[in-house]
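Q: Fold the following, please.
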Amino acid sequence: MAGRKIPADPDVIISVIIPAHNPNPQRLQRTLFALRQQTLPAAQSECLLIDNASSPPLQSDAWAAFAPENFRVIREAEPGLSHARRRGFAEAKAEIAVLVDDDNELAPDYLMKVRDLFS
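A: Next up, the predicted model:
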């Protein structure tokens, strides 16, 4: 992973990184659904669910119905929050990264406010 950087996507301005190790399914569903309800145009953000050595591994199909459009599940085999966060930063396409816990429900205008702070 060292030195690996995903090419930037000019449309994606915010990467939401959600580290998760054996998350509570109902809470994670609410977190993803809240991201889906954001007022920021969907094309301007991506959602990275970092599977931090969950057992069983998290599958993107199981979460896609709740998740926003630009959604990926990325497996990080090395346990630990710092490893999951680093993996998320390495995989992010945007220059702005927002860390969200797997049980947080963001207000609908949260990402819009983050974008405005960096404008």
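Q: From here on, just use CA atoms for contacts and neighbour counts.
A: Noted.
Q: can you pull out the helices in the protein?
A: Per DSSP state H, the chain carries helices over the ranges 25-36, 60-63, 81-91, 110-117.
Q: wait, isn't D51 in contact with P19?
A: Yes. The criterion here is Cα atoms under 8 Å, and D51 meets it with P19 at 6.4 Å.
Q: Could you list the low-pLDDT ranges of the protein?
A: Within the chain, the segments meeting pLDDT under 70 span 1-9.
Q: nearest spatial neighbour of A42, skipping sequence neighbours?
A: E69 (6.4 Å; Cα to Cα, 6 or more residues apart in numbering).
Q: ok so, going back, for the helices of the chain, which one sits closest to V12?
A: Closest to V12 of the helices of the chain is helix 110-117 (Cα to Cα; 10.9 Å).
Q: Between D51 and P19, which contacts overlap?
A: A84 (Cα atoms under 8 Å, 6 or more residues apart in numbering).
Q: still on that earlier bit, need the helices of the chain in TSV (columns: mean neighbour count).
A: Listed next are the helices of the chain as TSV, based on neighbours: other Cα atoms under 10 Å:
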stretch	mean neighbour count
helix 25-36	19
helix 60-63	14
helix 81-91	19
helix 110-117	14
